[in-house]
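Undergrad: okay, here's the prediction I keep looking at, along with the sequence it came from:
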Amino acid sequence: MAIRLRVTAFAALLTITTAFSTGVLAQSDPGGSGSILFQNVRIFDGSGSELSAPSNVLVSGNLIERISAEAIAAEAGTTVIDGGGRTLMPGLIDAHWHTMLIRPTPAESMGDVGYNNITAADEATDTLMRGFTTVRDVGGPAFGLKRAIDEGIVDGPRIYPSGAMITITSGHGDFRQLSELPRTIGGHMSRMEQVGGSMLADSPDEVRLRVREQLMQGASQIKLTAGGGVSSPFSPVDVTTFTLEELRAAVEAAENWGTYVSAHAFSDMAIRRSIEAGVKVIEHGFLMSEETAQLIAEKDIWLSAQPLPEDLRLGFPVGSVQREGADAVWPGIERTYEFAKKYNIKTAWGTDVLFSQALAQQQGAILASLVRWYTPAEALAMATGTNAELLQLSGPRNPYPGKLGVVQEGALADLLLVDGDPLENIDLIADPVNFVMIMKDGDIYKDTLAE
Ligand SMILES: [Zn+2]
C-alpha cells in the first residue's frame, strides 16, 4: 500500500516508529489549532436540489464546526484550502456492500482467512479512494477489518457490519455442495460458517442463537435471506425460505439489542412475510407486485435497492441456474424503481457488488446510473443524506454516532471536494479522479490540490 504522508520531518519520524502507517495526509485536532478551512466552495448538503452560494467551511477535529457565506478567520495552525468554486459534498455511502466478498472468487471466500483479510483491506482502501466514506456491509466476516480501519491500521470506509448472513438449509447464502448433506443441528459447521460468511439456521431457536452471535461480535444490524437468490446454487428466486416464526425470532433478538433486521427478499411472499415479522428493511425487492409496493410505503418500510448493471446479468453463463435467476429478476429492477417513485417509498441506494474487483471500480458509475429514474441531485441525496438516515436504524448499535451524509454544522467531517458540479454532470461521480480531496472523520486521505 502506498504511503501518502505529507512529508515533514515529524511525519517521517512517525512513519519510522510505527509498524503500520496509514495514508492520512493531514489531521485537524479538536480545539481550533490544526483545523482545516475550506474557502470558496459551493455546497451540496446531502438533501437539497441545488448547490449553495460560494461558502466557507471550517472542520475542527472530526466535525464540521462552521459553515458561512462570510469569511471565516483562519487561526494560527489552520490549514486553508482554496476550493476555487468547486463542489463540497458529503462522502458517499453504499448501503449494500460486501467488504469481504469483492476480491475473492466464491470458492476463495471460504478459503484462507488471512489472505482474504489482506485483499479485503486493499479493496477497502480503494473503496475510500473512490469517495465512499461509509458502507453498510450486508454479509461477510468484516468485523476484523472494520476494527483495523477504525484503529487507523488500514485506510478504508466506516463499516456498518452485519457479520454472517443468516440463511436456511438450501437458502440464499448456503454455498455447500450436495455431498455435504445432511447437516445435524449442533453438528459440524460447514466451511462458509467457520469463516463467518453465512450461518445456517433451521429453527427459531437456531435463528436466535445465530443472530445473538453476530450481535456479540459487533453487528450493527442483522442480515438474513428471506427468499431465494441469484447467485446461490440451490435457492431459486421464487422460493420463500424462513418461516414466520423464524423471522420473528430474528427480529426479536435484534430488537432486544436496539437494532433491526434487513431481509434479502425478491418475491411478494418473501417480502410480505418479512414485513409481517417486523423486518425494517427489504433488500432488492425486485419481484414485488404493485400491491406489495403500496404495503411497503404504507408500513414505512425501507427499500434498499440497487440499479444492478446489465453487464452483471450477461456475465452469468447462458443456461446456468444463475443466469436463469438473473433473467427473472432483472426486468423487475426498472419496475421496482418506478413503484418506489410512484408510492414515495423510502429508498436507499447500494451496489451489491460480489466477486468482482472490476465491477467494484464501477461503484460511482453504478450510482450515476440512477439518473435513469432520478435527477442527479436526487441520486446524490440517496447515496448521502438518505442512506445515512437508514444507518440510524442501528440505534445504540450504531458504531459511529453522529451525523453522517450531510454537510451541516456539527456533522461528522466526511467530505469530498469535486472538481466541477455533479448536479450538472452526474458523470463526475463515476470517476474518482474528479475528487480532488477526500476527507473521512476530519482526516484528509487524498489531496491533489496540495501536489
Ligand atoms: Zn448482497
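TA: Looks like it arrived, so ask away.

Undergrad: let me see the ranges of the helices in the stretch 301-450 of the chain.
TA: Ranges of helices in the stretch 301-450 of the chain, per DSSP state H, counting those that start in this stretch, are 310-315, 321-329, 331-342, 357-360, 363-368, 376-381, 387-391.

Undergrad: residue ranges with poor pLDDT in this protein?
TA: Across the chain, the ranges flagged by pLDDT under 70 are 1-22, 26-33.

Undergrad: centroid-nearest residue for it?
TA: Central residue of the chain (CA atoms, centre = their mean): Val135, 2.5 Å from the mean position.

Undergrad: any idea what that one is bridged to?
TA: Beta-bridge partners of Val135, counted by DSSP bridges, are Asp94, Ile159.

Undergrad: what about it, distance to Gln177?
TA: Applying CB to CB, to the nearest Å, the value for Val135 to Gln177 is 30 Å. The C-beta positions use only the backbone N, C-alpha and C, and glycine is treated the same way.

Undergrad: same question for Leu51.
TA: Leu51 is 54 Å from Gln177, by CB to CB.

Undergrad: kindly report the same for Ile166.
TA: 20 Å.

Undergrad: of the two, who's got more company?
TA: The residue with more neighbours, out of Ile166 and Gln177, is Ile166; 29 against 9, by other CB atoms under 10 Å.

Undergrad: residues in contact with the host helix or strand of that one: which ones?
TA: Using DSSP states H and E, Ile166 sits in strand 165-167. By CB atoms under 8 Å, 6 or more residues apart in numbering, the residues outside strand 165-167 that reach it are 138-140, 172-174, 197-201, 207, 210-211, 214, 222-225, 241, 250, 264.

Undergrad: in strands only, show me these.
TA: If you go by DSSP state E, the contacts of strand 165-167 have 198-200, 222-225, 264 in strands.

Undergrad: adding distance to Thr336 as columns, could you present the residues you listed in JSON lines?
TA: As requested, the ones in strands among the contacts of strand 165-167 are exported to JSON lines (distance: CB to CB, whole Å):
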{"residue": "Ser198", "distance to Thr336": "25"}
{"residue": "Met199", "distance to Thr336": "28"}
{"residue": "Leu200", "distance to Thr336": "29"}
{"residue": "Ile222", "distance to Thr336": "23"}
{"residue": "Lys223", "distance to Thr336": "19"}
{"residue": "Leu224", "distance to Thr336": "20"}
{"residue": "Thr225", "distance to Thr336": "18"}
{"residue": "His264", "distance to Thr336": "14"}
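
Undergrad: looking at those residues, which is nearest Asn387?
TA: Among the ones in strands among the contacts of strand 165-167, Lys223 lies closest to Asn387 (CB to CB), at 15.9 Å.

Undergrad: how much space between the closest residue to that closest one other than its chain neighbours and Val138?
TA: Among residues not flanking Lys223 along the chain, Ser162 sits closest, at 3.9 Å (CB to CB, 6 or more residues apart in numbering). Using CB to CB, one gets 5 Å for the distance from Ser162 to Val138.

Undergrad: kindly report the same for Asp150.
TA: From Asp150 over to Val138 the distance is 19 Å, taken as CB to CB.

Undergrad: of those two, which one has the most company?
TA: Higher neighbour count among Asp150 and Val138: Val138, with 26 against 15, using other CB under 10 Å.

Undergrad: show me what contacts Asp174?
TA: 167-168, 192, 198, 200, 232, 234-235.

Undergrad: go again with 7 Å.
TA: Applying CB atoms under 7 Å, 6 or more residues apart in numbering, one finds that Asp174 lies in contact with 167, 200, 232, 234-235.

Undergrad: out of the residues you listed, who's nearest Asp45?
TA: Thr167 (39.0 Å).

Undergrad: quick check: the gap between the closest one and Gly77.
TA: Distance, Thr167 to Gly77, using CB to CB: 53 Å.

Undergrad: now do Asp45
TA: According to CB to CB, Asp45 stands 27 Å off from Gly77.

Undergrad: looking at these two, which one has more neighbours?
TA: Taking other CB under 10 Å, Asp45 and Gly77 do not tie; Asp45 has more neighbours (20 against 12).

Undergrad: give me the nearest residue to that one, chain neighbours excluded.
TA: Leaving aside its chain neighbours, Asp45 sits nearest to Val407 (4.7 Å; criterion: CB to CB, 6+ apart).

Undergrad: was I right about Ile222 contacting Glu252?
TA: No - using CB atoms under 7 Å, Ile222 is not in contact with Glu252, being 10.9 Å away.

Undergrad: neighbour count winner among those two?
TA: Taking other CB under 10 Å, Ile222 and Glu252 do not tie; Ile222 has more neighbours (30 against 16).
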